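Engineer: Show me the folded form of this:
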Amino acid sequence: MNILTISSLNIPSLLPYRTLRRPEEHLKQNIFVAEGEKVVRRLLESELEVVSVLLTPEWLEIYKPILEKRKEFSLEIFLAEKKLLNEIVGFQLHQGIMAMANVPQTFSLEETARKFPSPFLFVALDGVANAENMGVIVRNCSAFGVDGILVGETSCSPYLRRAVRNSMGTIFKMRIIHSRNLASDLQFLSNNFQTAIIAAHPHKSSQNLQGFTNLEKLNICIVFGNEGTGISQNILDICAEKIIIPMMNETDSINVASAVAVILWEIRQRFGMVK
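Structural biologist: Take a look at the predicted model:
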């Protein structure tokens with residue numbers, strides 16, 4: 001391991017750690033920052049390419065066996081006292097350990113569809129702009145066995161710092177497909193892979209979630225939309241079905257990440273897709 005004890009954060013390769021409030025700059029460099037003990041551990045245990053780790057001496061003793069197993073020859077370990085690390089804005093939230101990694105290449109939609117035996121279950125995201133919601137959605141998709149997530153061109157990246165943190169590291173093993181044209185990709189799934197494209201659409205014309213039938217032999221892709229405006233019309237036009245979660249007390253909608261969890265659980269239970 002290449003361990004460097006530092007007394008200053010003014011080192012060029014540490015700049016991404018010092019600009020945590022500008023995650024879009026990280027994505028332009030094709031990198032992301034993971035923070036917190038559980039998330040960093042899951043990153044180091046994954047197959048993603050790790051660039052560097054910034055941590056205190058106490059954490060180094062704990063993480064040394066994991067770090068020694070990493071295959072990167074150029075992996076840099078920056079060792080600093082917690083007092084110095086606290087100079088990073090918001091570092092108190094990070095538990096004294098952070099890591100930087102390269103954003104992995106996006107998966108091919110066709111390759112992913114062929115990889116999983118039918119029936120597969122995908123989730124598509126149209127205009128999901130909030131990073132915290134994105135992270136929780138990824139975590140929910142992991143929990144309920146989603147095979148792939150199509151991130152539409154109007155959605156934020158699941159590799160934004162807050163998205164990575166809220167995913168609790170499940171992003172590192174999730175198959176992410178970055179779509180340049182979500183409408184076209186959904187049509188491709190429908191035409192070529194016998195996929196039912198289903199919109200989570202809280203509208204009075206939508207079908208009750210519990211009223212679904214005859215989807216047992218179909219692949220499924222459920223589309224979730226923008227936190228405020230829902231699914232765009234051109235995407236809705238492609239969806240064969242539109243579903244709504246039955247709610248009480250005149251509640252017309254719930255948070256998109258919560259809706260993902262509710263619908264995925266119901267789909268898994270009702271259509272024999274429990275793994």
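
Engineer: and E241, what does it touch?
Structural biologist: 196-199, 207, 212 (C-beta atoms under 8 Å, 6 or more residues apart in numbering). For the C-beta atoms, the positions are set from N, CA and C on the backbone; glycine is no exception.

Engineer: Next one: it from K38, what distance?
Structural biologist: According to C-beta to C-beta, to the nearest Å, E241 and K38 sit 37 Å apart.

Engineer: residues near the closest residue to A196 other than its chain neighbours, how many?
Structural biologist: Of all residues not flanking A196 in the chain, L218 sits nearest, at 4.6 Å (C-beta to C-beta, 6 or more residues apart in numbering). Residues lying near L218 (other C-beta atoms under 10 Å) number 17.

Engineer: I'd assumed I198 was in contact with L218.
Structural biologist: No - using C-beta atoms under 8 Å, L218 is not in contact with I198, being 9.8 Å away.

Engineer: Okay, buried residues for stretch 125-134 please.
Structural biologist: Judged by neighbour count using 16 or more other C-beta atoms under 10 Å, the buried positions of stretch 125-134 are 125-128, 130-131, 133-134.

Engineer: S142: which element?
Structural biologist: Using DSSP states H and E, S142 sits within helix 131-143.

Engineer: quick one: average pLDDT of the next helix or strand after that helix?
Structural biologist: As assigned by DSSP H and E, the chain's next helix or strand after helix 131-143 is strand 148-151. Mean per-residue pLDDT for strand 148-151: 98.

Engineer: One more: stretch 171-184?
Structural biologist: 97.

Engineer: Just the buried positions in it, please.
Structural biologist: Buried, per 16+ other C-beta under 10 Å, within stretch 171-184: 171-172, 174-179, 182-183.

Engineer: Next: stretch 68-75.
Structural biologist: By 16+ other C-beta under 10 Å, the buried positions in stretch 68-75 come out as L75.

Engineer: What of stretch 36-56?
Structural biologist: For stretch 36-56, by 16+ other C-beta under 10 Å, it's 36, 39-44, 46, 48, 50-56.

Engineer: right, and out of the residues you listed, which lies closest to T229?
Structural biologist: V39 (30.6 Å; C-beta to C-beta).

Engineer: Give the next helix or strand downstream of the helix or strand hosting the closest one.
Structural biologist: Assigned by DSSP H and E, V39 belongs to helix 37-44. Counting by DSSP H and E, the next helix or strand C-terminal to helix 37-44 is strand 50-55.

Engineer: buried sites along whatever helix or strand comes next after that next one?
Structural biologist: Counting by DSSP H and E, the element after strand 50-55 in chain order, helix or strand, is helix 57-68. Buried residues in helix 57-68, counted by 16+ other C-beta under 10 Å: 59-60, 63, 67.
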